[in-house]
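Visitor: Dropping a prediction and its sequence here:
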Amino acid sequence: MKHLRTRFLHRHNLPAPPPPLSPTPFPSSWMVYSHLLGGTGFLDLDEMPIDLNEEVGSIPRNYFTQLLYEAIGESPQPANVPDPGMGDAQATATNTDTTFLNATNASLAIPEGDDDDDASSQPNEPYVGMRFDTLLEARNHYNSYAARKGFSMKQNTNRRSTYTGVLEKQQFACNQFRKPKKDDGGAEKAVPIGPLLDPVPLDEVEKEAADIASVIAELDGLDPKKRKPPNRKRETIKRSDCKAKMVVKLKDGRWEVISFVAERTHPLLWKPSLTKYLRSHHGIPHEEKEFVKHLYSSNLTAGEMMGVMSEFYGTEMLVPYTSKTITNYCATLQTQSKEGDMAKVLNYFNEQKEKDPDFYCRLKLDAEDRVENLFWVDGAARRAYAEAYHDCVSFDATYLTNKYNMPFAPFIGINRHVQSIMLGCGFVRQELATSYDWLFESFLIAMNGLAPDNIITDQDGAMRLKCGPILGRNPRLPEDFNDCIDFSFSPEEFEAKWALFMGKWHVAAGHPHFHVLYENRASWVPCYFKHRFFPFLQSTQRSEGFNAILKRYINPHKSVFDFVRQYEKLQVHILVREGGNDYRTYFLELEPWSPFPVEAHAYKVYTTDIYLRFRNEFELIGRYNVSPFGGNYYKLEPNMSFCAKYSSRTYLVIANKDEGLYSCECSKMDIDGMLCCHILKMFTHLGVDEIPERYILKRWTQQAVLGFAGPATAPQPDVIPPESQKQLRHANLNMSFSKVAKLASASDAPTAILNRHIRAAATEISQLNKSRKKRKTPSVGPSTSAPAEPEPVIPRDPAKSTTKGRTKTHRTVSALELHPKQTVKCSLCGSQFHNIATCPRRFL
């Protein structure tokens, strides 16, 4: 090389190059005047070309020699001509180098201005001299390269400045860079021991005490409660001493590749679908994380989320991450909402008060400022309760909905469509009388002191667990029990049937919990409150059914703040269903069951759902025959052996057509607010064409809530409310964007055009919103001194507490748990953790 440089200078009579003005990375490099190449400067022969737009692997070994020969116009030596006897691999490598040189010479012009090697215009494979603006860009570039090749990378060693502590050098290596472990042939590892002590003679008593102590220690080790948890068997990454790496160094504010090794010592992935299992490639893309957040807030499981993403990608094979990755990401979302949970809830309630002036919330703190009880209700529920739905409320606190094990206590009402609605929600730390006193007090304050006419609550869950097995082991016993409870129409009749029941079933007579049921009979046997209003409700099935719906919206392990936000979604869902029922009532028609005018009148005054229940009741009139019983009394005898819901008994009805008074001993009108089939049979018998006004409850009509007069007479506002305008614009834009997205998703080119316009529109809209905010910002006037208000107390998150609800002792148990197997004990020492075959005392 030195000889070629000397001959080049002598042939063209060129003077020696001037010394460099500043130290260069290669002090012995020669400079060739670039006027031979059409330039005005000089060219460093040891420096890499700047414009390398072709994809190459590495610089050829004889590149600079070839460049010098071409500069002086001489042909190079045929050093790279492949030997005819060599294989195809050698010839292929030579052809690759030649192609690379031709491409380089075609673009060997020094660009004006910045001469840095920008990574954005460089080939996919890294090379020495490539530069990046940030370390993250360097990592992402090498990670993308590793994904295409089929291996995983990791950030390895780094170096910081001794003086400033700033990171200056970073190495990215293959994750199999470690050397394989040496095979020791199965030799046992040496156990480190301390210094040996001189043996001390022990007498027989001390020896026996030491033996007993060792046996006790061994028994404690067998105890599962004291046993150490087993070590998790984790799979580790294989080690192959792979040399693939890329080293970047901070130079002039940018990260430059100073070393790159492409050599690998292990096989690469042969399927692109397996790339998602590599450690550095199994993350969720940033643009998909927001969508996964929405799926997570909708209470979908990781498997359900993967099913949704599989539909987007076409198949689960193409999804670039696994269900475990989604699970881990959801765990990070759950961790983000751990701290300051109650403070977030309080801020959320304050925001709701600004939107809804009738929103009400109340909380109770303990001595440590931890939230002990919580209650809230929105303004729409308060108005509905006050106007129509305060006649019956269902209350049950058996469903745990948060990570604090705080039981959720909803107040459930029934609207005009026989639909469950929430009239208030509460959380209590412990199921104590004082906690429920505070909760009911808060409910009354929210409802302006208007107490519910009737309230139904759940019985203690322990009672069901004790009485359930007895009812299940005796098949005929539940039938007699239900007949005694459901078809007793007076307390005297119930007393007589209960005595017969206890005399027939001795297993129930000898059970203490059936005696407890009898003592509390006035609170759960229907005949004791047959004149109270509990519409289509004989238990807490409303609350239990509502809890089942609640499980679709909330996860029991989430925070109270997550639940409160889901509560709003559930309220919107209830309003949407109510709107659908209103539409059915006014704009859809049903075919009547009969030509009786009374049925047509019921269809006119009731909502559709109530009319369907009325029609089901009206269909039973053919199962009874009417016979006078003297005066205004009539006997209705069944003409079949059994009538659904009413058994096979005869009913007595009082009917006064002149005064419009009707009553039946089944008391369905008092319980459900709707006439029974027995009175309806008398309507057809006496020729009554319309239901008397006193027997039409307003709560079952479309005018139950004031302010709703139907679509014909409802006042129409001149201007759409601002919130409705916003929702309408949002819906229209969604439809328009959906149409454009369908056209643009056909290929990459229209997708890129659409993305470009979306970014431009987002920027313009953001600037517009900023300018509007500046115009709305009030001018700062002279400050007036005002007394500083005391800072409000920030509520602390409650600690976990043991409550009832869904705990191990109060959940529904299986038959195996009701009759567990007997525990086997050791016959030698009496321990229940082993038997005599493994007893340590046998070896003493």
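Guide: Cool, got the structure.
Visitor: Isn't R370 up against P795?
Guide: Yes: R370 lies in contact with P795 (Cβ atoms under 8 Å); the separation is 7.3 Å. Quick note: C-beta positions are derived from backbone N, CA and C, even for glycine.
Visitor: Could you check which of those two is surrounded by more residues?
Guide: Counting neighbours by other Cβ atoms under 10 Å for R370 and for P795 shows that P795 has the greater number, 20 against 16.
Visitor: What strand or helix carries E591?
Guide: For E591, there is no helix or strand it lies in under DSSP states H and E.
Visitor: what about the stretch 551-700 of the chain, any weak spots by pLDDT?
Guide: Along the stretch 551-700 of the chain, the model assigns pLDDT under 70 to residues 551-557.
Visitor: In it, what residue spans correspond to helices?
Guide: 560-587, 597-605, 608-618, 668-672, 677-686 (DSSP state H, counting those that start in this stretch).
Visitor: could you dump those to CSV with distance to R239?
Guide: As requested, those are arranged in CSV below (distance: least, Cβ to Cβ, whole Å):
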stretch, distance to R239
helix 560-587, 43
helix 597-605, 79
helix 608-618, 69
helix 668-672, 75
helix 677-686, 81
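Visitor: Need the winner for burial among those.
Guide: Of all the helices of the stretch 551-700 of the chain, helix 677-686 has the most neighbours on average by mean count of other Cβ atoms under 10 Å, namely a mean of 22.
Visitor: And the helix or strand that that helix is followed by, what's buried?
Guide: Using DSSP H and E, the next helix or strand after helix 677-686 towards the C-terminus is helix 722-744. Residues of helix 722-744 classed as buried by neighbour count (16 or more other Cβ atoms under 10 Å): A744.
Visitor: how about the closest residue to R842 other than its chain neighbours, what does it touch?
Guide: What sits nearest to R842 in space, not counting adjacent residues and going by Cβ to Cβ, 6 or more residues apart in numbering, is L828, at 6.9 Å. L828 makes contact with I836, C839, R841, R842, according to Cβ atoms under 8 Å, 6 or more residues apart in numbering.
Visitor: Show me which of these is closest to Q171.
Guide: C839 (58.0 Å; Cβ to Cβ).
Visitor: Now do the closest one: how many residues are near it, please.
Guide: The burial count assigned to C839 is 19, neighbours taken as other Cβ under 10 Å.
Visitor: For the helix or strand where V507 lies, list every residue counted as buried.
Guide: Using DSSP H and E, V507 sits within helix 506-509. Within helix 506-509, the residues that qualify as buried are A508, counting by 16+ other Cβ under 10 Å.
Visitor: Please report the distance of the residue nearest to R842 from P840.
Guide: To P840, L828 is 9 Å away according to Cβ to Cβ, to the nearest Å.
Visitor: now R521
Guide: 57 Å.
Visitor: Who has more neighbours out of the two?
Guide: Higher neighbour count among R521 and P840: P840, with 20 against 15, using other Cβ under 10 Å.
Visitor: Do a quick rundown of the helices in the stretch 401-550 of the chain.
Guide: Secondary structure of the stretch 401-550 of the chain (DSSP H, counting those that start in this stretch): helices located at 433-446, 461-473, 477-486, 491-504, 506-509, 512-519, 541-553.
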